[in-house]
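> give the three-dimensional model of this entry:
(one chain, ligands or ions: 1)
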Amino acid sequence: MLDTIPEIDCDVAVIGGGIAGLSAAITAMHEGAEVILIEKAPKLQRGGNTGIADAQIRYPHEPDEYCPTGQSTEDFFNAFLRVSRGRANKDLIRTLVDNAADAVDWLTELGVQWEKGYPNVAGYRRQPVGGGWQLVDTLYKHLEREGVHVAYETAAEQLLTDRSGRVIGVRVLEPEGYTDVKARGGVVIASGGFEANPEMRVRYLGRFMDNIILRGTRYNTGEGLKMALEIGAMPAGQWGDFHSAVLDARSTPFECGVTAIYIFQLGLFIDEDGERFLDEGEDFRDQTYVKFSKAIMNHKNGVAFNIFDSKPRLEDPDAWKRAIRTAEDPYEAETLRELADIIQVPAERMERTIQTFNAARQPGTFDPLRLDGLCTKGLAVNKSNWARPLDTPPFLAYPVTGGITFTFGGLKANPNAQVMHTSGRIIPGLYVAGEPMGELYYYNYMGATSVLRGAVFGRIAGKHAARSRG
Ligand SMILES: Cc1cc2nc3c(=O)[nH]c(=O)nc-3n(C[C@H](O)[C@H](O)[C@H](O)COP(=O)(O)OP(=O)(O)OC[C@H]3O[C@@H](n4cnc5c(N)ncnc54)[C@H](O)[C@@H]3O)c2cc1C
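Residues are numbered from 1 along each chain as shown. Here you go, the predicted structure:
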């Protein structure tokens, strides 16, 4: 005899409890909707990538204690578009930009406390005190206080539709088996990308992508995207690309968290043959860290060394500490030759590379907070800014590589966060927020905006779904 699948009812079902899902669930609840939050992870591992991140946020606003320069809406919009080489969906980034300050105020009202993030002239930023973990904990506590049902260890598997094509719920797998969660207002997909799914990584990102360091949660395995595509949702955005960062190559292979080297631009990248291969000072770190991490992964055996002399560490120990986020110690030596021996790079070649670099430096004044134009000339690969000689021992080396944070491919959505069908019409009852929304990031990443987009579009999705419950 076939078992009958039990059903439960609500107004809004939200799939995934990171910043996007939490923002959707809280907003829908504030609209008076009955909400169920479906979360695959156990309670102790809740929060998704958001909970593992620093959760730094950069957004356009007037000068304040976190951002002494401020940034105008138009500058922010244009920078976002530029970083995506003009491909980001203008309607979506306009919505993001216009609603960003409101979203940050809303998080503050919910009890999130802020501190200064890592400074960078391309955009100062703030981060929650206690990082992403504290951010999601604050939001979960708010939901819990209001009595919202959070179904942990429950994986959404399949969208339920009626004959008109409207999404009326979602089938989930709980520890006891399947349940159909019926949702009168709609279902919000906020279940991250496919970064933790090796099969999908190989399928969309390339042959060797089964073996890449996973920075974030193991649970973002792409079901939200798959189940939407199965009912005809339009794929959108850059399915063949992803966010990555310059990481300590000794990071654990999954859920390593923040192990990045965020100050690489003040040093040099040296490959296994002792050569430079990137213009480390091409632009501010925010504009280069994603593409450099991929360039390192694609260069020779995929690991390089970030070499520093002692000046950055001695001159600003606080900035150094906040920017070197690995817990591993650097390799350290009094001479470049000794350092090369330790990291097993041909010593003569590495020494020659760095001496040639030092000699090619042009006059100018070093300023880490500006594109200072302190450059080299005449090298096969020049350095465009911050090109100080490496001449102050001890010398330090971090082995670096890339690691995947989240995927760029997603679903086509309108500014109401409603998912579009391949036929061009809206799929009634289906919303998307956070990582599975496509068309925001292409090739590169606008630093410190992924948590923000989760909050902005999560709130929009939650509100629209709640108001559609009839
Ligand atoms: C180490 C690290 C540092 C970062 N630093 C920053 C930063 O400083 N600033 C910034 O803006 N961004 C940063 N990011 C990126 C950013 O944190 C994420 O992209 C963003 O928080 C994603 O939010 P989200 O809500 O879309 O997804 P998530 O927070 O990942 O939430 C998705 C949730 O969906 C759940 N889920 C998945 N599949 C299912 C399913 N089938 N059923 C039910 N639940 C499911 C997951 O368990 C997870 O809880 C960082 C990421 C990492 C990993």
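
> neighbours around Arg171, how many?
Close neighbours of Arg171, defined as other CB atoms under 10 Å, add up to 17. Yep, even glycine has a C-beta here, placed from its N, CA and C like the rest.

> try Glu230
Counted by other CB under 10 Å, the residues lying close to Glu230 total 10.

> would you agree it is in contact with Leu159?
Yes: between Glu230 and Leu159 there is a contact at 7.3 Å, judged by CB atoms under 8 Å.

> what's the weakest-modelled helix or strand in this structure?
helix 317-323 (a mean of 87; mean pLDDT, DSSP states H and E).

> could you pull up the contacting residues of Gly470?
Applying CB atoms under 8 Å, 6 or more residues apart in numbering to Gly470 gives the contacts Arg184, Gly185.

> ok, Cys375 next?
Gly281, Arg361, Gln362, Gly364, Asn382, Lys383, Ser384, Asn385, Ala387.

> where are the low-confidence patches of this structure?
Flagging of the chain using pLDDT under 70 yields the residue ranges 1-2, 119-123.

> mind checking the longest helix of it?
Counting by DSSP state H, the longest helix found in the chain is helix 90-109.

> let me see the ranges of the helices in the stretch 301-450 of the chain.
Secondary structure of the stretch 301-450 of the chain by DSSP state H, counting those that start in this stretch: the helices cover 311-315, 317-323, 336-343, 347-359, 450-467.

> and the fourth one, how far out from the chain's middle?
Read it as helix 347-359. Mean-position distance between helix 347-359 and its chain equals 35 Å (CA atoms, centre = their mean, to the nearest Å).

> contact partners of that helix?
Under CB under 8 Å, 6+ apart, the answer for helix 347-359 is 268, 270, 273-276, 307, 336-337, 339-341, 376, 379, 383, 387, 389-391.

> what do you get for the second one?
Contacting residues not belonging to helix 317-323 are listed as Tyr118, Pro119, Ile261, Tyr262, Ile263, Pro312, Arg313, Pro368 [CB under 8 Å, 6+ apart].

> what number of residues lie near the residue in the stretch 351-470 of the chain that the ligand sits nearest to?
Of all residues in the stretch 351-470 of the chain, Gly434 sits closest to the ligand, at 2.2 Å by CB to the nearest ligand atom. Gly434: 36 surrounding residues under other CB under 10 Å.

> which residues of the stretch 151-300 of the chain lie near the ligand?
Residues of the stretch 151-300 of the chain lying close to the ligand (CB under 6 Å from any ligand atom) are 155-156, 190-192, 215-217, 219-220, 223, 257-258.

> which two among those residues are spaced furthest apart?
Distance extremes for those: the farthest pair is Ala156 and Val258 at 27.9 Å, using CB to CB.

> which of the two has more neighbours?
The neighbour comparison of Ala156 against Val258 (other CB under 10 Å) goes to Ala156, with 24 against 17.

> beta-bridge partners for the more buried one, please?
When assigned by DSSP bridges, Ala156 has beta-bridge partners Val172.

> you'd agree it is up against Met227?
Yes: counting by CB under 8 Å, Met227 is a contact partner of Ala156 at 7.0 Å.

> could you name every residue contacting both of those two?
Taking CB under 8 Å, 6+ apart as the contact rule, Ala156 and Met227 both touch Val170.

> ok so, going back, now the residues of the stretch 151-300 of the chain next to the ligand as CSV including secondary structure?
Listed next are these as CSV, based on DSSP: H, G, I helix; E, B strand; the rest coil:
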residue, secondary structure
Ala155, strand
Ala156, strand
Ala190, coil
Ser191, coil
Gly192, coil
Arg215, coil
Gly216, coil
Thr217, coil
Tyr219, coil
Asn220, coil
Glu223, helix
Gly257, coil
Val258, coil
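
> what about those residues, which one has the most neighbours?
Using other CB under 10 Å as the neighbour test, those are led by Ala190, with 35 neighbours.

> can you list the buried residues in the longest helix of the chain?
For helix 90-109, the neighbour count (16 or more other CB atoms under 10 Å) marks Leu92, Ile93, Thr95, Leu96, Val97, Asn99, Ala100, Ala103, Val104, Trp106, Leu107 as buried.

> what of stretch 69-78?
Gln71, Phe76, Phe77.

> report the distance from that stretch to the chain centre.
Centre-to-centre, stretch 69-78 and its host chain are 20 Å apart (CA atoms, centre = their mean).

> right, is it up against the ligand?
No: Stretch 69-78 stays clear of the ligand (CB under 6 Å from any ligand atom), getting no nearer than 13.9 Å.

> give me the residues contacting that stretch.
Residues outside stretch 69-78 that contact it (CB under 8 Å, 6+ apart) are 58-64, 93-94, 97-98, 100, 121, 123-124.

> equivalent analysis for stretch 330-345, please.
Applying CB under 8 Å, 6+ apart, the contact partners of stretch 330-345 are 270-274, 305, 307-308, 324, 346-348, 350-351, 354, 390, 393-399.

> that's all I had, so thanks and see you.
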